[in-house]
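# Sequence first, predicted model second:
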Amino acid sequence: MLIKNNTCAIMQPTYLPWLGYFDLIANAKDFVFLDNVKFNKSSYHHQNKILGTNGVILLSVPTRACKGRMDTLINEVEIDDSKKWQKKHLASIEQSYRKSPYYGEIYPYIQSIISSNIKSLSELNIELIKLFASMLSLNTNFYVASRMENMTEDKVQRLIDFCQMQQCDSYYSPAGSLDYLDTVKNKELFALADISVYFQQFEVTPYLQRQQEFVPYMSVLDALMYCGIEKTGDIIKKGSHIVELK
């Protein structure tokens with residue numbers, strides 16, 4: 001099922017996201033980076049996983065929370081460059097993937113953005129996500145929530161407002177939102193707004209990595225390094241499973 005026509009997807013900008021993030025983008029006409037919600041230090045807002053020579057490596061961008069960790073929004077988080085994280089991340093990526101088939105094609109683009117002088121975590125994540133989306137030829141319109149009109153703090157009504165602003169009549173949601181969207185009250189809110197809700201049930205199709213046993217849920221970078229751009233796009237399409245909320 002493809003739902004791209006007049007579909008909006010809304011997601012927090014995360015660092016080097018997994019393949020499922022790009023399924024959301026691929027199936028949306030408009031994609032909103034929800035950067036004006038609270039930053040979570042233990043989330044993928046500033047970290048993600050790659051597959052190293054000895055197993056999974058967690059790459060974490062060091063951050064400074066300007067209002068204290070509990071009150072800072074994602075778009076307010078500053079990157080702490082005193083930790084020399086760029087050199088560490090690029091070295092880990094190089095050591096992990098330099099023998100992969102598509103390293104020479106993919107690495108220079110990643111190096112360019114990670115080595116840049118971006119100070120905002122949100123801006124860094126968005127630049128990387130847009131880079132990957134461009135590589136994968138995902139012709140989706142991107143918007144940044146903090147640059148749009150002020151919205152209600154109610155998280156469900158905010159989703160509806162975003163869809164209406166973009167004149168979208170369907171919303172494509174990550175699976176983790178099912179718990180709070182699948183209620184009588186919230187389904188009525190979407191129905192009154194004449195917006196259909198679809199849920200993502202993305203499955204990572206195994207591909208050839210460095211070891212025999214496949215390790216899923218790595219950054220999209222892993223698939224790009226081992227499979228290249230075209231095959232990574234095929235993996236995203238194959239793993240896409242969409243369920244309508246009734």
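All right, it came through fine.

# worst-scoring helix or strand of the protein, pLDDT-wise?
helix 178-181 (a mean of 87; mean pLDDT, DSSP states H and E).

# who's in contact with that helix?
155-156, 173, 186-187, 190, 197, 199, 245 (Cβ atoms under 8 Å, 6 or more residues apart in numbering). From N, CA and C alone the C-beta is placed, and that goes for glycine too.

# Please pick the buried ones from those residues.
156, 173, 186, 190, 197, 199, 245 (16 or more other Cβ atoms under 10 Å).

# So which of those belong to helices?
156, 186, 190 (DSSP state H).

# Quick check: of the residues you listed, which lies closest to residue 88?
For residue 88, the nearest member of these is residue 156. The distance, counting by Cβ to Cβ, is 39.4 Å.

# Name the residues of the longest helix seen in the chain that are buried.
For the chain, the longest helix by residue count, based on DSSP H, is helix 220-239. With burial defined by 16+ other Cβ under 10 Å, the residues of helix 220-239 counted as buried are 220-229, 231-233, 235-236, 239.

# again with stretch 95-112
Result for stretch 95-112 [16+ other Cβ under 10 Å]: buried residues 96-97, 100, 102-103, 106-107, 110.

# mind putting the residues you listed in JSON lines, secondary structure and distance to residue 135 included?
JSON lines is the format used below for the buried residues of stretch 95-112 (DSSP: H, G, I helix; E, B strand; the rest coil; distance: Cβ to Cβ, whole Å):
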{"residue": "96", "secondary structure": "helix", "distance to residue 135": "19"}
{"residue": "97", "secondary structure": "helix", "distance to residue 135": "15"}
{"residue": "100", "secondary structure": "coil", "distance to residue 135": "15"}
{"residue": "102", "secondary structure": "coil", "distance to residue 135": "11"}
{"residue": "103", "secondary structure": "helix", "distance to residue 135": "14"}
{"residue": "106", "secondary structure": "helix", "distance to residue 135": "8"}
{"residue": "107", "secondary structure": "helix", "distance to residue 135": "12"}
{"residue": "110", "secondary structure": "helix", "distance to residue 135": "10"}
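
# Flag the shaky bits of this protein, pLDDT-wise.
1-4, 66-70 (pLDDT under 70).

# so residue 214, which of the three states?
Following DSSP: H, G, I helix; E, B strand; the rest coil, we place residue 214 in the coil state.

# Please verify my assumption that it contacts residue 207.
Yes. Residue 214 lies in contact with residue 207 (Cβ atoms under 8 Å); the separation is 7.3 Å.

# neighbour count winner among those two?
residue 207 (16 against 13; other Cβ atoms under 10 Å).

# show me what contacts the residue nearest to that one when sequence neighbours are not counted?
Residue nearest to residue 207 in three dimensions, not counting chain neighbours: residue 227, with 5.2 Å by Cβ to Cβ, 6 or more residues apart in numbering. By Cβ under 8 Å, 6+ apart, the contact set of residue 227 is 101-102, 207-208, 235.

# Now for those: which two are most distant?
101 and 235, at 14.6 Å, using Cβ to Cβ across the contacts of residue 227.

# Strands along this protein, start to end?
7-11, 30-33, 47-52, 55-60, 63-64, 78-79, 141-144, 170-173, 196-200, 242-244 (DSSP state E).
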